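Visitor: A structural model of the following input is requested.
(one chain, ligands or ions: 1)
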Amino acid sequence: MQPLQTTSLRVTDNQLFILDQQALPQEKRWLPADRVETLVGHIHALRVRGAPLIGLSASLLLALLAERGESHFSLAQALETLRAARPTAVNLMNNLDRMKLALAEVDFVPALVAEAERLVAEDKQLCARIAAAGSALVTPGSRLLTHCNTGGLATAGVGTALGVISQAFTDGKVVNVWVGETRPLLQGGRLTAWELAELGIPCQLITDSMAASLMAQGQVDAVWVGADRIAANGDVANKIGTYSLAVLARYHGIPFYVAAPQTTLDPLCPNGEAIPIEQRAASEVTGVAGSFGAVQWAPESTLVYNPAFDVTPAALISGWVLDTGVVTPDEVAAGCFKL
Ligand code: MRU
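Guide: Next up, the predicted model:
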């Protein structure tokens, strides 16, 4: 496979490396991910994370395993194991469906390599198109609020919602970005704050509970988030806390936009209720851990509820910004996401 480098994926000497997103921003550490169990471990631990990136990392590993001479049978098994690594982001399943078609070819090794490389190249283009379509919706002087991390770390390109924000900043329309820290795993506080600083975009970090009062003070002009899965009726699964922001935005009359590539669409999923929501370890809520160390504040025996994602109903979404352009609520209601 040709050498490849994105913000958080690297292929060199036919080996896959991932930028450890749990070590950021304190440390920029590249970890090998050249076995299925290793990559699945990285995905579980959110060292590799973000809906598009998960799918791309799994596809690249599969191609590299094929080049290393793994049998057709073991590649088919690897594909199913990778497919089950995280349940909510449908990009993983969509990318692996395409890899499965490549695996079905007689000459499956070059087919898998070409398909994985194509998926990465396509994702870059999808991000660029989302950024251009989204920036057109941003009004000059905007103060935008975003949640979780949807930038170059989470994709092969400039990102989805963060790609829009970055493009709109370049277009001279963004004066400030409010970054929700995104408890429990702090993707906003650790990753988005880091990415925006690297891009030189002015931002202020807030705890998730501060969004309501900022909106009430008239300090938020629009909310931009990504998506892990978009159902046929337009409901969107995204990082836990997204739904609260959508409710708040509606109450305060603020536009709420979802930016995502077509690989996030799931036309076979009728609505948000049918989206599987990953439940995660109690330790993520009873304390916090990272390259800075670990601390637990809740009593050992505390029972915990820790869904990684929530569902925002289509009725609260002002626009779905895809690589194909902006989709309106009327278009979604008319069934444009259905097969
Ligand atoms: O658990 P994570 O960090 O993988 O969750 C990520 C999100 O919810 C993102 O908003 C989504 O995957 C879109 S990334 C372009």
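Visitor: only C-alpha atoms for contact and neighbour calcs from this point on.
Guide: OK.
Visitor: In stretch 38-51, which residues are buried?
Guide: By 16 or more other C-alpha atoms under 10 Å, the buried positions in stretch 38-51 come out as 39-40, 42-43, 46-51.
Visitor: Those residues also near the ligand: which ones?
Guide: With C-alpha under 6 Å from any ligand atom as the criterion, the buried residues of stretch 38-51 include 49-51 near the ligand.
Visitor: got these as JSON lines, with pLDDT columns?
Guide: JSON lines is the format used below for these (pLDDT from 0 to 100):
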{"residue": "Arg49", "pLDDT": "98"}
{"residue": "Gly50", "pLDDT": "98"}
{"residue": "Ala51", "pLDDT": "98"}
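Visitor: Return the subset of these lying in helices.
Guide: Ala51 (DSSP state H).
Visitor: Quick check: the gap between Ser166 and Tyr305.
Guide: 34 Å (C-alpha to C-alpha, to the nearest Å).
Visitor: meant to ask about Ile317, not that
Guide: 26 Å.
Visitor: So between those two, which is more surrounded?
Guide: Ile317 (21 against 10; other C-alpha atoms under 10 Å).
Visitor: For the more buried one, which residues are in contact?
Guide: Contacts for Ile317 were tallied using C-alpha atoms under 8 Å, 6 or more residues apart in numbering; they are 246, 255-258, 329.
Visitor: if you set the cut-off to 6 Å instead, what comes out?
Guide: Phe256 (C-alpha atoms under 6 Å, 6 or more residues apart in numbering).
Visitor: what do you get for Gln2?
Guide: Per C-alpha under 6 Å, 6+ apart, neighbours of Gln2: none.
Visitor: In three-state terms, label it for me.
Guide: Put simply, Gln2 is coil when judged by DSSP: H, G, I helix; E, B strand; the rest coil.
Visitor: Could you check how far it is from Ser59?
Guide: 14 Å.
Visitor: ditto for Arg129
Guide: From Arg129 to Ser59 the distance is 22 Å (C-alpha to C-alpha).
Visitor: Compare these two (neighbour count), which wins?
Guide: Neighbour totals were compared for Arg129 and Ser59, and Ser59 leads with 28 against 21 (other C-alpha under 10 Å).
Visitor: Excluding covalently adjacent residues, which one is nearest to that one?
Guide: Once flanking residues are discounted, Ser59 sits nearest to Ala116: 5.3 Å by C-alpha to C-alpha, 6 or more residues apart in numbering.
Visitor: Up against the ligand, what does the stretch 151-300 of the chain have?
Guide: So the stretch 151-300 of the chain meets the ligand at 154-155, 159-160, 226-228, 238-239 (C-alpha under 6 Å from any ligand atom).
Visitor: Let's see that with 5 Å instead.
Guide: Contact residues (C-alpha under 5 Å from any ligand atom) of the stretch 151-300 of the chain with the ligand: 226-228, 238-239.
Visitor: just checking, Leu16 touches Ala33?
Guide: Yes. Using C-alpha atoms under 6 Å, Leu16 makes contact with Ala33 at a distance of 5.4 Å.
Visitor: For the stretch 201-339 of the chain, which segments count as strands?
Guide: 203-206, 222-225, 229-231, 236-239, 256-259, 265-266, 287-290, 293-296, 309-312, 319-322, 325-327 (DSSP state E, counting those that start in this stretch).
Visitor: Of those strands, which is nearest Gln279?
Guide: Closest to Gln279 of the strands of the stretch 201-339 of the chain, according to C-alpha to C-alpha: strand 309-312, at 8.4 Å.
Visitor: Figure out the helix or strand that the closest residue to Leu56 other than its chain neighbours lives in.
Guide: Leaving aside its chain neighbours, Leu56 sits nearest to Val120 (6.4 Å; criterion: C-alpha to C-alpha, 6+ apart). Val120 is part of helix 108-135 when elements are defined by DSSP states H and E.
Visitor: Who are the packing partners of the next helix or strand after that helix?
Guide: Of the helices and strands lying after helix 108-135 in sequence (DSSP H and E), the nearest is strand 142-146. Secondary-structure packing of strand 142-146 (3 or more C-alpha pairs under 6 Å, 6 or more residues apart in numbering; DSSP states H and E): strand 174-180, strand 222-225.
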